[in-house]
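Mind looking at a prediction? Sequence and model below.
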Protein chains: 2
Amino acid sequence: MKFEKLNSYIEEKKKIIDSWLLSHLPPPGREPKPIFEAVYYALFPGGKRIRPILAIASCELTDGNIGDVLPIACAIEMIHTYSLIHDDLPCMDDDDLRRGKPTLHKAYNEAIAVLTGDILLTMAFEYMSNIKLYKNPSLPRIVMVINEIARASGKEGMVVGQVADITWEGSSVTEEKINYIHTNKTAKLIEVSVKSGAIMSGASYREVEVLSEYGRLIGLAFQIVDDVLDVTSTSDKIGKKTKKDLSRGKLSYVALHGIENSLKKAKELVERAKEKLAIFEEEKCWMLKDLAEYIVAREK
Amino acid sequence: MKFEKLNSYIEEKKKIIDSWLLSHLPPPGREPKPIFEAVYYALFPGGKRIRPILAIASCELTDGNIGDVLPIACAIEMIHTYSLIHDDLPCMDDDDLRRGKPTLHKAYNEAIAVLTGDILLTMAFEYMSNIKLYKNPSLPRIVMVINEIARASGKEGMVVGQVADITWEGSSVTEEKINYIHTNKTAKLIEVSVKSGAIMSGASYREVEVLSEYGRLIGLAFQIVDDVLDVTSTSDKIGKKTKKDLSRGKLSYVALHGIENSLKKAKELVERAKEKLAIFEEEKCWMLKDLAEYIVAREK
């Protein structure tokens, strides 16, 4: 099997991430109900945990301690999860299905969905700024990473990407618009996941730069594959509604270039990403290379 | 006039806050439209700016430099503003009027209202963690304050207070429930505003404790007065819908104790808050004393 080694790496890290979350989140039954129950509903069993795994892998590659990146990695997963909850709201993408189960506003209601997103985003910053949660807390690294993540999730990234995604619906597709949406809505948070892992390990400037570039490239590839899967896959397989880009007039890479050329482009981006890793020893960076390939090969 | 000196203090600080915000926010016309225009719509002309003024006053009282608390003070105003936008949404309190103008989802739409709240919350953490924005950045103080503010805005404060406020609507009023809602929804953010100012100035442990307690007490008084104004004032005067606590079955202090006893309680809390300030010299803490009195005397 092609991704055998990677799959056990992913499973191992997923267990660490889930167990960190479980031991740090308030119990699901905590008052006032049902907010913490909804937090659990959103976070577990969770998706592929790609972003926190990238943060951990990047930290380990640059000889960091996993205990110094875990609060950051799990905070990024919370931010990603909040963004899915708000994106799924009736006033945004109006989706009923996410990760194979009803979206949060369907399982609870819209008010609880808005507030679960809000609390996840706020808790992400609470955990990142809690120095007791790090093995060897370095304040300069923590402050820098919080700033990078806030930028990538907000006005220089995810939120403006989502604004473009919904406000440009139905307008004419251009390379420039697609690139803006993909970069901001998806690639920035993936890039900052990889970058944060390296910053937390105390990696050199060059290493951080290279890993950020790697992250940006696989982030773009990831979103192109998402656009392709929306057309080629089924809800049963990917656990969310498909064929919605076309039906809603969303700007997608596939609409501009077709399926075949989109996959070609994604593979090209992944190749470029892997080349970036040439500064690292092969036996240390294999998981990032395999993760890059996994992103285009994935079927969900 | 009773609050003459305080009013010029407030006006002076309001100018500093507004000018900080104006020089740090992206221009309202920045793409993708209309997100930054909506951010300006929400932040300007703004309300009383009580929270950032409290942060500044507390920093100045403890001999801090305003340049070390401004990013924090303005971030708190952004967090307060985000909470109003999300609270006003149709799925929450469904309000059409805020600060005398249409609420954000009325002026734009619900999707933009959710995203404007999201971007304001995220930008708050971006600004707080940007060390270039401080006159003399102290990393331990910055990380501590970010953590305090995240706790007070999220799972230990504002969000859980809002969850209780909406999910307990229509249930029987008890002292315990009202206290939970007032403490979490309102008092925690006011408390952390005062506390942050003192932490940023490097105040002593005792000073920080005393100022936090002062903040908690005026925060509780503030919310009681809000409950009273909901009954006694008009939309024209306070710029938002009134009589809504009763009509929606919201738990309010007035429903439990009546107007007269509520005002008595608010005054009592303010007196206790002022007593806390006894450890400071009168000529240095007058603004915090006057601010406390202003909170119960205010008519909007």
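Right, received. Where do you want to start?

And the next helix or strand past the helix or strand that A:H257 is a member of?
Secondary structure assigned from DSSP states H and E places A:H257 in helix A:253-276. Towards the C-terminus, the helix or strand next in line after helix A:253-276, according to DSSP H and E, is helix A:282-297.

between that following helix and helix A:253-276, how many degrees?
170 degrees (axes from the mean of the first three to the mean of the last three C-alpha atoms, to 10 degrees).

average pLDDT for helix A:282-297?
Helix A:282-297 comes out with an average pLDDT of 95.

Export only the CA atoms of it, formatted as CSV.
Extracted as CSV, the C-alpha positions of helix A:282-297 are listed here (Å, rounded to 0.1, in the frame of the first residue of the first chain):
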residue,chain,number,x,y,z
GLU,A,282,15.1,12.4,3.2
GLU,A,283,14.6,10.2,6.3
LYS,A,284,13.4,13.3,8.3
CYS,A,285,11.0,14.9,5.8
TRP,A,286,9.4,11.8,4.3
MET,A,287,6.1,12.5,6.1
LEU,A,288,5.8,16.0,4.7
LYS,A,289,6.5,14.6,1.2
ASP,A,290,3.9,11.8,1.6
LEU,A,291,1.4,14.2,3.1
ALA,A,292,1.7,16.4,0.0
GLU,A,293,1.1,13.4,-2.2
TYR,A,294,-1.7,12.2,0.0
ILE,A,295,-3.5,15.5,-0.5
VAL,A,296,-3.9,15.0,-4.2
ALA,A,297,-4.5,11.2,-4.0
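
which residue sits closest to A:E293, ignoring its sequence neighbours?
For A:E293, ignoring the flanking residues on the chain, the nearest one in space by C-beta to C-beta, 6 or more residues apart in numbering or on different chains is A:V270 at 6.2 Å. From N, CA and C alone the C-beta is placed, and that goes for glycine too.

list the contacts for the one you found?
By C-beta atoms under 8 Å, 6 or more residues apart in numbering or on different chains, the contact set of A:V270 is A:L217, A:I218, A:A221, A:A292, A:E293, A:I295, A:V296.

Could you list the low-pLDDT ranges of chain A?
A:1 (pLDDT under 70).

So which bits of the helix holding A:H257 are buried?
Residues of helix A:253-276 classed as buried: A:253-255, A:257, A:262-263, A:265-267, A:269-270, A:272-274, A:276 (neighbour count, 16 or more other C-beta atoms under 10 Å in any protein chain shown).

all strands of the stretch 1-150 of chain A, in order?
Under the criterion DSSP state E, counting those that start in this stretch, the stretch 1-150 of chain A carries strands at the ranges A:97-98, A:101-102.

and those as TSV, adding distance to chain B and mean neighbour count?
Formatted as TSV, these follow (distance: least, C-beta to the nearest C-beta, whole Å; neighbours: other C-beta atoms under 10 Å in any protein chain shown):
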stretch	distance to chain B	mean neighbour count
strand A:97-98	17	19
strand A:101-102	16	14
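
Reformat these into JSON lines and put distance to B:M158 next to each item.
Rendered in JSON lines, the data for these read as follows (distance: least, C-beta to C-beta, whole Å):
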{"stretch": "strand A:97-98", "distance to B:M158": "26"}
{"stretch": "strand A:101-102", "distance to B:M158": "27"}
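
and which of the buried residues of helix A:253-276 is nearest to B:K185?
Nearest to B:K185 out of the buried residues of helix A:253-276 is A:Y253 (C-beta to C-beta; 43.5 Å).

Spit out the contact partners of that closest one.
Taking C-beta under 8 Å, 6+ apart as the definition of contact, the neighbours of A:Y253 are A:I178, A:H182, A:Q223, A:I224, A:D227, A:V228, A:S262, A:K265.

from memory A:G117 sits against A:D88, does it?
No: A:G117 sits out of contact with A:D88 when judged by C-beta atoms under 8 Å, with a separation of 9.5 Å.

Compare the two (neighbour count), which wins?
For the pair A:G117 and A:D88, the greater number of neighbours falls to A:G117 (31 against 23), based on other C-beta atoms under 10 Å in any protein chain shown.

Quick check: that one vs B:Y82, distance?
With the distance defined as C-beta to C-beta, to the nearest Å, A:G117 ends up 12 Å from B:Y82.

Any idea how far apart the tips of stretch A:171-184 sit?
End-to-end distance of stretch A:171-184: 18 Å, with C-alpha to C-alpha, to the nearest Å as the criterion.

ok, residues contacting it?
A:156-158, A:160-161, A:164-165, A:168, A:216, A:219-220, A:223-224, A:249, A:251-253, A:255-256, B:32.

at 7 Å instead, please
A:157-158, A:160-161, A:164-165, A:168, A:220, A:223, A:251, A:253, A:255-256 (C-beta atoms under 7 Å, 6 or more residues apart in numbering or on different chains).

Then stretch A:51-71?
The list of residues contacting stretch A:51-71 from outside it, by C-beta under 7 Å, 6+ apart, reads A:10, A:13, A:17, A:20, A:72-74, A:76-77, A:80, A:127-128, A:130, A:133-136, A:189-190, A:193-194, A:196-198, A:200-203, A:207, A:211, A:215, A:280, A:284-285, A:287-288, A:291.

what's the answer for stretch A:120-127, then?
By C-beta under 7 Å, 6+ apart, the list of residues contacting stretch A:120-127 reads A:24, A:39, A:42, A:71, A:74-75, A:78-79, A:81-82, A:133, A:146, B:121-122, B:125, B:146-147, B:150-151, B:153-155, B:159.
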